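In: Structure for this input, please:
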Amino acid sequence: MTTPRNRAPAEQSPRGAAVEPAAPDDVTHRHAFWWRVAFVLYALSLTTMTHWPALDIGRPGEPPPDKFVHMYAFALLAGFLWMTRWIRSPGWLLVTGLTWAAMDEWTQSLPVLRRTFTWTDLAASMGGVAVAAAWAAALRPIGGPLNRARLRLNALLAGDVFSTISTRRSFIAWAALTATVVLTMYGLVRHWPQVVAALPYPVPAIIYGAAQALLLGGLMWVWMVIWREVSKEARASRRCPACGYPCSASEQDSRGVVVCPRCAASMHVIVWQPPPSMDAAAIRRLVLRPLFNGVILVLAIYGGVALAYLLARSGFLGAAGRSAATFFTRLPRDFTMTMDAVILLGAAALVAHGYRVRLARRFDQQGVTCITCGHDLRATPTQGGLGACGECGTVFAAVESNAPHSHSTTE
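Out: Predicted coordinates:
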């Protein structure tokens, strides 16, 4: 979305109406303020810990958890940096994060710090940055004007919650996030070495995984409760997805388009309708292809690594290949498990992106095919830019069947 000072070309909207995807910069800056505070505090804390002289984490006699801690810590660093909106491209986020990780690891080797530079620590840190960049790319705005307006309103409401710490909702949201970050780090430092040491005995790993799932599930539950409250209020007041101004007093035209009196952004009234529910079969159709692509990616990576290892070990690649195979077998277990996590989290980002693309396409074409049941809606009568599916009653926006639907990830 762009500001009124620099508007992008109008996109085709429902029934051919022009929708200006405006988003005032002051909203972005207001939403990013506390994320910038959190990033600065976290970056200072992380840099202090990584450069503390002769720092040693873990317990004597147990494998150190530093590889997984490096991955988690730098994934958080890149995630906080992305939320500051100082960097708007996942590619630049990746470059910045990788450079930061390299400089952080290199400066640790200064003699006065009594620490050492290790390639495995650097690789783990870079893996965390790569995971954060992959998810930043996967969660960017996609689709045509209808879906982008929906995502913009969602981003506006989430930004409002995290733009302050003085309200009940904001305090709870920030407290839940902080508790999750701290408890996850505590679990990695305190209990993860025991999980690694006990392998292949699976019980500690199962208990640890269940505890982490409960922790993340609790965070998602808290955020979902807050989300339902703010989204219900936003629909009632018809808040503008661009600037947040209540548009409940603004009239809609015959196409269902409302113009914001503050920023002049126009949007379809469907953006304020409750989100349609999809049955399990519809969700499976959206998920199966992206899930298949994610599985293929994981199999391709592990298959490629296994093939390279077998070729190196067989002597096909000469003495250098055998040396590389020996080096591979001597990698710390904590490091290999960290790389496994990086691969799986990256594949999960690919699955999420594929699902969101398919969902966006379905949302943008809701006037052609019902989102809920898939019924053909092209002959369904509409009024005021809205209609209702004759099969399931789902409300939809009247859109032209030949309207272009862009799935670019750029704003």
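
In: Remind me which helix or strand T47 belongs to.
Out: T47 is part of helix 25-50 when elements are defined by DSSP states H and E.

In: Following element in sequence after that helix, please.
Out: Counting by DSSP H and E, the next helix or strand C-terminal to helix 25-50 is helix 66-83.

In: Can you give me every residue that contacts L81?
Out: Neighbouring residues of L81 by C-beta atoms under 8 Å, 6 or more residues apart in numbering: F39, I87, L93, T96, G97. Every C-beta, even on glycine, is put in place using the N, C-alpha and C of the backbone.

In: run the last query once more with 6 Å
Out: Going by C-beta atoms under 6 Å, 6 or more residues apart in numbering, L81 touches F39.

In: How about A352?
Out: A352 is in contact with A138, counting by C-beta under 6 Å, 6+ apart.

In: mind checking the SS state of it?
Out: Put simply, A352 is helix when judged by DSSP: H, G, I helix; E, B strand; the rest coil.

In: Next one: F68 from A265, what distance?
Out: In this view, F68 and A265 are 44 Å apart by C-beta to C-beta, to the nearest Å.

In: Stretch 386-404 - what's its average pLDDT?
Out: In this model, stretch 386-404 has an average pLDDT of 76.

In: Helices of the protein, residue ranges please.
Out: 25-50, 66-83, 90-107, 119-138, 145-162, 168-190, 192-198, 203-237, 280-314, 318-329, 333-364 (DSSP state H).

In: and the ones you listed, which one is worst for confidence?
Out: In terms of average pLDDT, helix 192-198 trails the rest of those, at a mean of 78.

In: Quick check: buried residues in it?
Out: Going by neighbour count (16 or more other C-beta atoms under 10 Å), the buried part of helix 192-198 is W192, P193, Q194, V195, V196.

In: Nearest to A398 among those residues?
Out: Minimum distance to A398 across these is 53.9 Å, recorded for W192 (C-beta to C-beta).

In: still on that earlier bit, the helix holding T47 vs helix 90-107, what angle?
Out: Put simply, helix 25-50 runs at 20 degrees to helix 90-107, going by axes from the mean of the first three to the mean of the last three C-alpha atoms, to 10 degrees.

In: Show me what helix 25-50 packs onto, helices and strands only.
Out: helix 66-83 (3 or more C-beta pairs under 6 Å, 6 or more residues apart in numbering; DSSP states H and E).

In: just the CA coordinates of the helix it packs on, formatted as PDB?
Out: Once non-C-alpha atoms are left out, helix 66-83 reads as follows in PDB (Å, rounded to 0.1, in the frame of the first residue of the first chain):
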ATOM      1  CA  ASP A  66      24.700 -23.300  22.300                       C
ATOM      2  CA  LYS A  67      24.000 -24.400  18.700                       C
ATOM      3  CA  PHE A  68      20.200 -24.400  19.200                       C
ATOM      4  CA  VAL A  69      20.400 -21.300  21.300                       C
ATOM      5  CA  HIS A  70      22.300 -19.500  18.500                       C
ATOM      6  CA  MET A  71      19.600 -20.500  16.000                       C
ATOM      7  CA  TYR A  72      16.800 -19.400  18.300                       C
ATOM      8  CA  ALA A  73      18.500 -16.200  19.400                       C
ATOM      9  CA  PHE A  74      19.300 -15.000  15.900                       C
ATOM     10  CA  ALA A  75      15.900 -16.000  14.500                       C
ATOM     11  CA  LEU A  76      14.400 -13.800  17.200                       C
ATOM     12  CA  LEU A  77      16.800 -11.000  16.300                       C
ATOM     13  CA  ALA A  78      15.900 -11.100  12.700                       C
ATOM     14  CA  GLY A  79      12.200 -11.300  13.600                       C
ATOM     15  CA  PHE A  80      12.300  -8.300  15.800                       C
ATOM     16  CA  LEU A  81      14.200  -6.400  13.100                       C
ATOM     17  CA  TRP A  82      11.600  -7.200  10.500                       C
ATOM     18  CA  MET A  83       8.800  -5.900  12.800                       C
END
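
In: angle of that helix against helix 119-138?
Out: For helix 66-83 against helix 119-138, the angle by the same axes, to 10 degrees is 30 degrees.

In: how big is the angle separating helix 66-83 from helix 333-364?
Out: Here helix 66-83 runs at an angle of 30 degrees relative to helix 333-364 (the same axes, to 10 degrees).

In: From the chain's centroid, how far away is helix 66-83?
Out: Taking the mean of its C-alpha atoms, helix 66-83 sits 14 Å from the chain's own mean (C-alpha atoms, centre = their mean, to the nearest Å).

In: Buried residues, that helix. List them.
Out: Across helix 66-83, burial judged by 16+ other C-beta under 10 Å covers 66-83.

In: Thanks a lot, see you next time.
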